[in-house]
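J.: Okay, predicted coordinates and the sequence, questions at the end:
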Amino acid sequence: MSKEPPRSLRAIEQPAEIERLLALWAAAFDEKSIPARAKPRLRPAATGRKAGCTLWQAKVAGLDMNICLEEVTSNRWRLDHGNQGALALMDGTPVLLRQWYVKRAPTDASLSAAEIAQVTEEAPFYVTPGVHRGAPSERRLYQVVADLTQPPEAIREQTAAAIARQTAANEKFGFV
């Protein structure tokens, strides 16, 4: 693991773009040879737990990547870090991300960079929302699930690798 601090990626916070990118990710698994349990399950955008929050639910092989945008003002949205997933731009390329956290007794807990380094050499990322609200924007670390510009086979391989990394983290630091 490098000693460089985690890079900060800019959140994608346009609802139509989130819809498009999640559909693109799910379409990479649209092949008859892939068992249903290994295909992403997406739910259409709906009102989230919080008022003014639109929630997209995405899950694959037990890995939840729900994305929630809070409406700040008309046509201005902000990523809510209270959910596991995010879409962001990495060097101009859209990527699907998932927070590094595990279930721990008695609560859920975000993993630190040092803990992440014990399960993978892949560097974690912060996701910075476009509209700040006083709270530090770089408090949760994310892993890349998939580069959404890649061919379907690569998206599936990257997603499988993210699931494996999360499984390793759950086994090492989680409450079972």
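T.: The structure has been received and is ready for your questions.
J.: Low-confidence ranges, the protein, go.
T.: Filtered on pLDDT under 70, the chain yields the residue ranges 1-3, 48, 131-138, 176.
J.: That one: strands as residue ranges?
T.: Read by DSSP state E, the chain holds these strands, from start to end of the chain: 7-11, 41-47, 53-60, 63-64, 67-73, 76-79, 85-90, 93-99, 101-103, 108-110, 125-128, 142-147.
J.: Pull the number of nearby residues for the closest residue in space to G62 that isn't next to it in sequence.
T.: Nearest non-adjacent residue to G62, counting by C-beta to C-beta, 6 or more residues apart in numbering: I163, 7.6 Å away. The C-beta positions use only the backbone N, C-alpha and C, and glycine is treated the same way. Other residues near I163 come to 17 when the count uses other C-beta atoms under 10 Å.
J.: Give me the phi and psi angles of the closest residue to P94 other than its chain neighbours.
T.: Here the nearest residue to P94 in space, its sequence neighbours aside, is L148; by C-beta to C-beta, 6+ apart that works out to 4.7 Å. Reported as degrees, to the nearest 10, the phi and psi values for L148 are phi -80, psi 0.
J.: Pretty sure L148 sits against L21.
T.: Yes - counting by C-beta atoms under 8 Å, L148 does reach L21; the two are 5.5 Å apart.
J.: Tell me the residues that contact both of those two, please.
T.: Here L148 and L21 have 94, 96 as joint contacts, going by C-beta atoms under 8 Å, 6 or more residues apart in numbering.
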